[in-house]
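Novice: generate coordinates for the sequence data below:
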Amino acid sequence: MTRQTVDVDKPWHRSIPFAQGVKVRGNMLFTAGITARDPEGNLLGTGDIRRQMEVCFENLGDVLKAAGASFEDIVKIVMYTTDIDAFNDHAEVWRQYFVARPASTLVEVSRLAVPEMSVEIEAVVHLGD
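Specialist: Numbers count the residues shown, from 1 in each chain. The predicted structure is shown next:
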């Protein structure tokens, strides 16, 4: 299998044991769970789910760009939240990124890796032929 990691040049990414994305043969990119962290790894939007959603999608955009892709190339997206009602109250945030109508899953979980996190997003992306 041909495999290539995709990393964004943000300092905190050098300290984690996983890639932000992985390209595989067939030109597919599988992202890690993207969270609302700034370039230094600090969590943004604590207590503000809308802000965390915005930052997650900004960070996902960074990974897509680093892989030579865009939101139009997403074929599957999975969004995790600790409060599905609050998440859906801000649906206009995530709907703007669904330009090519990807398959989608939204899941409410009891908690994420960091207690102050409210949102985590991952994507499967087709990188072209």
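Novice: if you rank every helix and strand of this structure by mean pLDDT, what lands last?
Specialist: Between all helices and strands in the chain, the lowest mean by mean pLDDT, DSSP states H and E belongs to strand 21-24, at a mean of 73.
Novice: partners of that strand, with directions?
Specialist: Strand pairing for strand 21-24, using DSSP bridges, gives strand 3-6 (antiparallel), strand 28-31 (antiparallel).
Novice: distance between stretch 9-29 and the chain's centre?
Specialist: Here stretch 9-29 shows a centroid-to-chain-centroid distance of 12 Å under the convention C-alpha atoms, centre = their mean, to the nearest Å.
Novice: next: stretch 118-129.
Specialist: Using C-alpha atoms, centre = their mean, the offset of stretch 118-129 from its chain centre is 6 Å.
Novice: mind listing what's buried along that stretch?
Specialist: Using 16 or more other C-beta atoms under 10 Å as the test for burial, stretch 118-129 gives 118-127. To be clear about C-beta, it is placed using only N, CA and C from the backbone, and glycine gets the same treatment.
Novice: give the buried residues for the least confident helix or strand of the chain.
Specialist: Buried-residue list, strand 21-24, by 16+ other C-beta under 10 Å: 21-23.
Novice: list the contacts for the closest residue to V6 other than its chain neighbours?
Specialist: Residue nearest to V6 in three dimensions, not counting chain neighbours: G21, with 3.6 Å by C-beta to C-beta, 6 or more residues apart in numbering. Contacts for G21 (C-beta atoms under 8 Å, 6 or more residues apart in numbering) come out as 5-7, 29-32, 63, 66-67, 125.
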